[in-house]
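Student: no FASTA, just this:
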């Protein structure tokens, strides 16, 4: 509320002129926070808040899994922000009592009043991600096509394979780490050595992943007649195609086959041989099909020259989150007290999980009253700050990949759970 008191002078009344000025000011201010200009005050702030809380929620769930606590997530369904500005202008006569003495100087005085008020009423809608579809997605392994697609992006192939593969040609990638922290160290060394060699080959542009279109024969050839034409129409409706030949017509289905192509000049390159030795591959092959769980787990009937495919067993999102949770630096007091599970090395000492996750993911912990200054993302849990160091580029990159993939895997589902809507008064 703005109030002014002015007296008329012998040269005229400035009150009228001031009221006109106040009216212009009030009317101009009434629109300064509405319309397109309001975006500069709200949009980026909401964007930053959504980004920060999404990162904190993911980090919190990773830390929870390290303690074998239940993860939980809330999705932001919508943000509605209603803004309004109310402006008013008035004139109130100023009266005095005759008993106050000489009132001549106050007789024609007025009290102008201007009022300007604003309000912002955001409404946030949250959806609990705990329905049947969410749970199914959480436990479903990533598809072969999904793993191949991620490997073809700008993310390092070693990052994608270390995160999303349980094993490759049945060479274990710390499979026991895909659940609650195991009591004994996982089997990981051969897989890690092979994947690091693969990464060096990719960096040197000696290998590449791509998708090759192939034809899969669904039926043998048959003569073309009226009945076959009817069957052909039905087949086309089922995404099958007709292919003519001298013998007749065949039904085929086109499919996209992920493959690993190797530079023909790779020869007996040291990294190439290390990769082939780790995953029992035939080093003379230059194109390897990527398959999903088609190889015998005991490598029965393996050719003496080596395997000719790359058979993958992929992880689900929950398994991936359990895996990276092993990279949380748990305080010693929590390990000693049993609050967090502990992995003992073969000599009885505490196993260092950075042997498995080094260069991929690490969450630091510290007991402090305030958030660490070097924290990129930080949350409080069980009396400690858990954070990703701003200077740890590898962990930041892995965390960004996890966040984006989790959105694709989980938030695409339409939850049937009740939506929690919270109006916040301005």
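Tutor: All right, it came through fine. Quick caveat, the model's predicted, so the values are computed rather than measured.
Student: quick check: longest helix of this protein.
Tutor: Scanning the chain for the helix with the most residues, using DSSP state H, yields helix 39-66.
Student: List the buried residues in it.
Tutor: Within helix 39-66, the residues that count as buried by 16 or more other CB atoms under 10 Å are 54, 55, 57, 58, 59, 60, 61, 62, 63, 64, 65, 66. C-betas here are computed from N, CA, C, even on glycine.
Student: again with stretch 201-221
Tutor: The neighbour-count check on stretch 201-221 (16+ other CB under 10 Å) flags 201, 202, 206, 207, 209 as buried.
Student: So of these, which two are at opposite extremes in space?
Tutor: Greatest spatial distance among the buried residues of stretch 201-221 (CB to CB): 206 and 209, at 12.4 Å.
Student: quick one on the thing from earlier: tabulate the buried residues of helix 39-66 (a markdown table), appending pLDDT and distance to residue 393.
Tutor: Listed next are the buried residues of helix 39-66 as a markdown table, based on pLDDT from 0 to 100; distance: CB to CB, whole Å:
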| residue | pLDDT | distance to residue 393 |
| --- | --- | --- |
| 54 | 92 | 20 |
| 55 | 95 | 16 |
| 57 | 94 | 22 |
| 58 | 95 | 18 |
| 59 | 97 | 17 |
| 60 | 97 | 22 |
| 61 | 95 | 22 |
| 62 | 97 | 18 |
| 63 | 98 | 21 |
| 64 | 97 | 25 |
| 65 | 97 | 24 |
| 66 | 98 | 22 |
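Student: which residues in the chain form helices?
Tutor: If DSSP H is used as the criterion, the helices of the chain fall at 14-29, 39-66, 132-139, 144-152, 157-164, 189-203, 226-237, 270-278, 317-325, 332-337, 354-357, 393-410.
Student: mind putting the ones you listed in CSV, distance to residue 173 included?
Tutor: Below are the helices of the chain laid out as CSV (distance: least, CB to CB, whole Å):
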stretch, distance to residue 173
helix 14-29, 62
helix 39-66, 18
helix 132-139, 19
helix 144-152, 12
helix 157-164, 7
helix 189-203, 4
helix 226-237, 41
helix 270-278, 11
helix 317-325, 9
helix 332-337, 24
helix 354-357, 9
helix 393-410, 15
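Student: So which of those helices is nearest residue 177?
Tutor: When those are compared by CB to CB, helix 317-325 sits nearest residue 177, at 5.1 Å.
Student: what sits up against that closest one?
Tutor: Helix 317-325 is contacted from outside by 61-63, 65-66, 71, 137-142, 163-164, 166, 174, 177-181, 315, 357, 360-361, 398, 402, 405-406, 409-410, using CB atoms under 8 Å, 6 or more residues apart in numbering.
Student: Drop the exposed ones from those and show what's left.
Tutor: Burial of the contacts of helix 317-325 was assessed by neighbour count (16+ other CB under 10 Å); the buried members are 61-63, 65-66, 71, 137-138, 141-142, 163-164, 166, 174, 177-178, 181, 315, 357, 360-361, 398, 402, 405-406, 409-410.
Student: now do the same end-to-end measure for stretch 152-162.
Tutor: 15 Å (CA to CA, to the nearest Å).
Student: I should have written stretch 368-380 there, sorry.
Tutor: Taking CA to CA, stretch 368-380 runs 10 Å from one end to the other.
Student: Any chance you could list what contacts that stretch?
Tutor: Stretch 368-380 has contacts (CB under 8 Å, 6+ apart) with 52, 55-56, 59-60, 63, 364, 366, 385-392, 396, 399.
Student: Same check on stretch 296-309?
Tutor: Contacts to stretch 296-309, defined as CB under 8 Å, 6+ apart, come from residues 169-170, 276, 279-285, 288-291, 294-295.
Student: run the last query once more with 7 Å
Tutor: Under the contact criterion CB atoms under 7 Å, 6 or more residues apart in numbering, stretch 296-309 has outside partners 169, 170, 276, 280, 281, 282, 283, 285, 288, 289, 291, 295.
Student: Which ones among those residues map onto strands?
Tutor: Using DSSP state E, 288, 289, 291 are the members of these that sit in strands.
Student: From the residues you listed, list the buried ones, please.
Tutor: When the ones in strands among the contacts of stretch 296-309 are checked for burial by 16+ other CB under 10 Å, the buried set is residue 288.
Student: Out of the ones in strands among the contacts of stretch 296-309, flag the one nearest to residue 132.
Tutor: Taking CB to CB as the measure, residue 132 lies nearest residue 291 of the ones in strands among the contacts of stretch 296-309, at 29.9 Å.
Student: Next up, the contacts around that closest one.
Tutor: With contact set as CB under 7 Å, 6+ apart, residue 291 has these partners: 309, 311.
Student: any idea how far it lies from residue 340?
Tutor: Relative to residue 340, residue 291 is positioned 38 Å away (CB to CB, to the nearest Å).
Student: what does residue 300 give?
Tutor: Separation of residue 300 from residue 340 (CB to CB): 40 Å.
Student: Those two: who's more crowded?
Tutor: Neighbour tally, residue 300 and residue 340, criterion other CB atoms under 10 Å: the higher count belongs to residue 340, 19 against 7.
Student: quick one: the more buried one and residue 329 touch, right?
Tutor: No. Here residue 340 does not reach residue 329: they are 10.6 Å apart, not a contact under CB atoms under 7 Å.
Student: which stretches of the protein aren't confidently modelled?
Tutor: By pLDDT under 70, the weakly predicted segments of the chain are 1-39, 83-120, 130-131, 218-249, 409-426.
Student: How is it divided into domains?
Tutor: According to automatic domain parsing, the chain comprises the domains 1-32+84-117, 169-177+184-312, 319-423.
Student: mind checking the end-to-end distance for the longest one?
Tutor: Start and end residues of domain 169-177+184-312 are separated by 6 Å (CA to CA).
Student: quick thing: my sequence starts at 5, can you match it?
Tutor: Let's use 5 as the start, then, which means that last one is domain 173-181+188-316.
Student: Residue 290: how many residues sit nearby?
Tutor: 13.
Student: Count the neighbours of the spatially closest residue to it that is not a sequence neighbour for me.
Tutor: Computed as CB to CB, 6 or more residues apart in numbering, the closest residue to residue 290 that is not its neighbour in sequence is residue 266, at 4.6 Å. When neighbours are defined as other CB under 10 Å, residue 266 has 22 of them.
Student: residues contacting residue 266?
Tutor: Residues near residue 266 by CB under 7 Å, 6+ apart: 210, 211, 290.
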